[in-house]
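**Student:** Any chance you could fold what I've pasted below:
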Amino acid sequence: MNTAIIGGGAAGMFAACNINTFHPCHTITVFEKKPQFLSKVKISGGGRCNLTHASASVADLLKSYPRGANSLKKVFHQFSHQQTMQWFESRGLRLVVQDDGCVFPASQNAMSVVNLLMKHALINKVRLQPSSEIVALIPIGNGFELHLKDREKAVYFDRVIVTTGGIPSLSGFDWLKASGHEIIPPAPSLFTFKLEGNAITSLSGNVVNPVRVSIAGTHFTANGPLLITHWGMSGPAILKLSAFGARHLYEKKYCFKIRVNWTGILNEEDVRHQLNSIRKRDVTRKVVNSRPEGLPSRLWEYLLVTTGISEDQKWDQIGNKSLNQLANRICNDEYTVSGKTTFREEFVTSGGISLQCVNMSTLESKVCPGLYFAGEVLDIDGLTGGFNLQAAWSTGYVASMMQ
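**Tutor:** Just a heads-up that it's a prediction; the model follows:
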């Protein structure tokens, strides 16, 4: 049996490393359109490769997937994040788990992961074909005919696993759509927010933790640290919000309003009570010198100014009206977002092959028997923290079974 893997990223190479476990007689060929394999793995985690997340359970792991969580449950119960860690460690890669649950190679170098996968692909006699772009996939009898760009002669394979990763344009899916698969239009996920010309950017470098941030007029909300940047807002809370709201924000063309609760957990009444307690306690102190716990001093100064309170005012000069306005500003601070920026180079794309076209227990196509999908080419995406790579490892492994 000849098996082709289209895409030499995390899912594709992991599938290549595991096929012989289930099918020792298969000949495996990996086609990668770029000159190098595993290029995205090399830059993941800032070059350190956050290869998974040490969640307490599969149920906890699934909470970090804005799309595809229910379908991934069937995949993760066959190959979980714990099994991923065992797979790498049993092959000599020592891992470390950070306090936040992120898992990295002990070397803190993504090349440790890349080299291990390339080594085991070669051990399994996988044929690697770089700079080889597939432009057409045609079912022929019990197999498939693959047409490569700039090559006249097609090649035939008995089984095919598609692991091309996220494709940013809808036209990039034309060759898969032609085989009868429904495509969910791609849209960016995991991005930061631009706040052009907003005074908040003068606080660049400030981290506020925790905050609660939401997209006005929707149910999308996220909690966690927020980083103020020279272009707008970033940090885990913003990235999580961008992921869960990805489809909505795409439709809005990235022009929308967000609301920030700078306390993270307190409501307006609680903050009003806290401010009133400070006013009674620090009667003659300047307002700028007494602030609610957890608010950075520069942010506190900014909130005072934008509420119309002078830094020279003392607490006994703050009336109830000003106090209520300040409490509202702290809990419901609104900003107009005018665009997005990519988070480092760890871009993630929502959309792709509709999960309705795939048997998620085996990852085999319901349209073309013998064709499998794994990785980000599916309409599955996760948050930062090792979740996207975990989806790649697990789907790549299950696809390699070719049940």
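**Student:** all contacts plus neighbour counts: C-alpha atoms, from now on.
**Tutor:** Noted.
**Student:** For the stretch 251-400 of the chain, which segments count as helices?
**Tutor:** For the stretch 251-400 of the chain, the helices defined by DSSP state H, counting those that start in this stretch cover 268-281, 297-307, 320-331, 387-401.
**Student:** now the first one: how far from the chain's centre is it?
**Tutor:** Spelled out, that is helix 268-281. Mean C-alpha position of helix 268-281 versus that of the full chain (C-alpha atoms, centre = their mean, to the nearest Å) differs by 38 Å.
**Student:** May I have that helix as PDB, with CA atoms only?
**Tutor:** C-alpha atoms of helix 268-281 as PDB (Å, rounded to 0.1, in the frame of the first residue of the first chain):
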ATOM      1  CA  GLU A 268     -19.700  48.400  39.400                       C
ATOM      2  CA  GLU A 269     -21.400  48.300  42.800                       C
ATOM      3  CA  ASP A 270     -18.400  46.600  44.400                       C
ATOM      4  CA  VAL A 271     -16.000  49.100  42.900                       C
ATOM      5  CA  ARG A 272     -18.200  52.100  44.000                       C
ATOM      6  CA  HIS A 273     -18.100  50.700  47.600                       C
ATOM      7  CA  GLN A 274     -14.300  50.300  47.400                       C
ATOM      8  CA  LEU A 275     -13.900  53.900  46.200                       C
ATOM      9  CA  ASN A 276     -16.200  55.200  48.800                       C
ATOM     10  CA  SER A 277     -14.200  53.400  51.500                       C
ATOM     11  CA  ILE A 278     -11.000  55.000  50.200                       C
ATOM     12  CA  ARG A 279     -12.700  58.400  50.200                       C
ATOM     13  CA  LYS A 280     -13.600  58.100  53.800                       C
ATOM     14  CA  ARG A 281     -10.200  56.800  54.800                       C
END
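**Student:** follow-up on the earlier one: could the helices of the stretch 251-400 of the chain go into JSON lines alongside distance to residue 40, mean pLDDT and mean neighbour count?
**Tutor:** Formatted as JSON lines, those follow (distance: least, C-alpha to C-alpha, whole Å; pLDDT from 0 to 100; neighbours: other C-alpha atoms under 10 Å):
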{"stretch": "helix 268-281", "distance to residue 40": "44", "mean pLDDT": "96", "mean neighbour count": "16"}
{"stretch": "helix 297-307", "distance to residue 40": "36", "mean pLDDT": "96", "mean neighbour count": "17"}
{"stretch": "helix 320-331", "distance to residue 40": "39", "mean pLDDT": "97", "mean neighbour count": "19"}
{"stretch": "helix 387-401", "distance to residue 40": "10", "mean pLDDT": "98", "mean neighbour count": "27"}
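**Student:** right, and the ones you listed - which one's nearest residue 202?
**Tutor:** Proximity to residue 202 (C-alpha to C-alpha) singles out helix 297-307 among the helices of the stretch 251-400 of the chain, at 9.3 Å.
**Student:** circling back: can you redo the helices of the stretch 251-400 of the chain as TSV with distance to residue 90?
**Tutor:** Shown next, in TSV, are the helices of the stretch 251-400 of the chain (distance: least, C-alpha to C-alpha, whole Å):
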stretch	distance to residue 90
helix 268-281	52
helix 297-307	48
helix 320-331	49
helix 387-401	15
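**Student:** With that, I have no additional questions.
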